[in-house]
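S.K.: Everything below, folded, please.
(chains A and B)
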There are 2 protein chains.
Amino acid sequence: MEAKTLLKEHIAKTVSLTEEEFDYFFSHFKSLSFKKGQTIISAGDKVDCEYFVISGCLKAFYINDEIKMYILQFAMPTWWTSDYNALYNQTPAAINVDCITDAEVLCLSNSDREKLCAEFHQVEHFFRWRTNKGYIASQKRLLSFMNNNVKIRYEELLALYPQLYNLVPKHLIAAYLGVSRETLSRLYNS
Amino acid sequence: MEAKTLLKEHIAKTVSLTEEEFDYFFSHFKSLSFKKGQTIISAGDKVDCEYFVISGCLKAFYINDEIKMYILQFAMPTWWTSDYNALYNQTPAAINVDCITDAEVLCLSNSDREKLCAEFHQVEHFFRWRTNKGYIASQKRLLSFMNNNVKIRYEELLALYPQLYNLVPKHLIAAYLGVSRETLSRLYNS
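M.R.: Numbers count the residues shown, from 1 in each chain, chains lettered A, B, ... in the order given. All right, here's what the predicted structure looks like:
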């Protein structure tokens, strides 16, 4: 689907903007294309934008002192991603975002988001709702980490991202669950 | 500090409301007092409110299948807490909130928050900003969980809550860090 239509339908689920208002809103987004494997944010970077996924699949991940990779989020079409701490507080990125597949995204800068929120109550409402969803997803991710039951966590993951099983290499699903590939194989063969 | 003054100063850091607007805003909050050890939210409950802490200290925690307790958040004066997934999506609470000390809180219902956000752009802005802060704190908590270095996580915790060391029993600090009391003793004696 065309980027503008996808964003429009996404916004319209929460708020009503006129054609003119939406055109103005959309004019602040920049369209970017990435190849499979390309990096969008590297730990240590300055972060100026958040990203709305049009096509493809991104992953947001963290690498700890023991070089173990943890996946915080898979971002598919209509998902938003960034390092929000780095974005809002102007600190260096703590996480990385790269492309699992070729991907198209729309990019919105921090200052343009704040400007649009100040100009339109409806846009402010949309972003409050969007951040609520992100906050809730993040809380669920945290609870999933605290839950010792890998089978339940695996089922939660597939409920959250039904397309994931065919789209994403199994070692990345294991990195999301924080288990070895062998443990994961036992789960999806059972 | 009086509840109304504390909330007013907290709001004024982000948005400007007139005296009249703030009085109207404040009229939607209900003041509640709890004793040390009292439960505010139990896993399984219906959740209708979020809580702004006036005095004392609450903890939001999760108990997994192995009856291991994980602390998601300590909530001190001017912090907000609830089970936001349960609150927004009207699902049963997955977490518990109780009082580490005697506590006074202000309680705001889901429907009143939404009404106030629709009535005042400034209030919507405040709650977007508040949720951003919560989202960022939740992301940091998740990264702290993925970081294998307990010493760094302990230092991050004390930076986030400087008063915690004297206020909260050590076994609760250990439950936040996901380590044994013995490991924690080695850290704060080093």
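S.K.: Mind naming the longest helix for chain A?
M.R.: Using DSSP state H to define each element, chain A has its longest helix at helix A:121-146.
S.K.: For the very next helix or strand once past that helix, name the packing helices and strands.
M.R.: Next helix or strand after helix A:121-146 toward the C-terminus (DSSP states H and E): helix A:150-160. The contact analysis (3 or more Cβ pairs under 8 Å, 6 or more residues apart in numbering or on different chains; DSSP states H and E) places helix A:150-160 against helix A:121-146, helix A:164-167, helix A:170-177, helix A:181-188. C-beta coordinates here come from the backbone N, C-alpha and C atoms, glycine included.
S.K.: Point out where chain A drops to low pLDDT.
M.R.: Flagging of chain A using pLDDT under 70 yields the residue ranges A:190.
S.K.: Residues of it that sit close to chain B?
M.R.: Proximity of chain A to chain B is confined to A:62, A:64-66, A:68, A:70, A:72, A:84-85, A:88-89, A:94-95, A:117-118, A:121, A:124-125, A:127-128, A:131-132, A:134-136, A:138-143, A:145-149, A:178 under the rule Cβ under 8 Å from any Cβ of the partner chain.
S.K.: Quick one: work out the angle between the longest helix of chain A and helix B:121-146.
M.R.: Relative orientation of helix A:121-146 versus helix B:121-146 (axes from the mean of the first three to the mean of the last three Cα atoms, to 10 degrees): 20 degrees.
S.K.: by contact count, what packs against helix A:121-146?
M.R.: Helix A:121-146 sits against strand A:69-75, helix A:110-119, helix A:150-160, strand B:69-75, helix B:84-89, helix B:110-119, helix B:121-146, with contacts defined as 3+ Cβ pairs under 8 Å, 6+ apart.
S.K.: Could you dump the ones you listed into a markdown table with mean neighbour count and distance to residue B:164 added?
M.R.: Shown next, in a markdown table, are the helices and strands packed on helix A:121-146 (neighbours: other Cβ atoms under 10 Å in any protein chain shown; distance: least, Cβ to Cβ, whole Å):
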| stretch | mean neighbour count | distance to residue B:164 |
| --- | --- | --- |
| strand A:69-75 | 22 | 26 |
| helix A:110-119 | 15 | 31 |
| helix A:150-160 | 15 | 29 |
| strand B:69-75 | 22 | 6 |
| helix B:84-89 | 20 | 22 |
| helix B:110-119 | 15 | 28 |
| helix B:121-146 | 20 | 14 |
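S.K.: how about TSV for these, with distance to residue B:166 added?
M.R.: Output for those, formatted as TSV (distance: least, Cβ to Cβ, whole Å):
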stretch	distance to residue B:166
strand A:69-75	33
helix A:110-119	37
helix A:150-160	36
strand B:69-75	13
helix B:84-89	29
helix B:110-119	33
helix B:121-146	21
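S.K.: Of all the ones you listed, which one is nearest residue A:49?
M.R.: Minimum separation from residue A:49 across the helices and strands packed on helix A:121-146 (Cβ to Cβ) falls at helix A:110-119, 7.2 Å.
S.K.: what's the angle between that closest one and helix B:121-146?
M.R.: Interaxial angle of helix A:110-119 relative to helix B:121-146 (the same axes, to 10 degrees): 150 degrees.
S.K.: was I right about residue A:164 contacting residue A:173?
M.R.: Yes: under the criterion of Cβ atoms under 8 Å, residue A:164 makes contact with residue A:173 at 6.8 Å.
S.K.: neighbour count winner among these two?
M.R.: Set side by side, residue A:164 and residue A:173 show more neighbours around residue A:173, with 23 against 17, by other Cβ atoms under 10 Å in any protein chain shown.
S.K.: What residues does that one make contact with?
M.R.: Taking Cβ atoms under 8 Å, 6 or more residues apart in numbering or on different chains, we find residue A:173 in contact with A:154, A:157, A:164, A:165, A:184.
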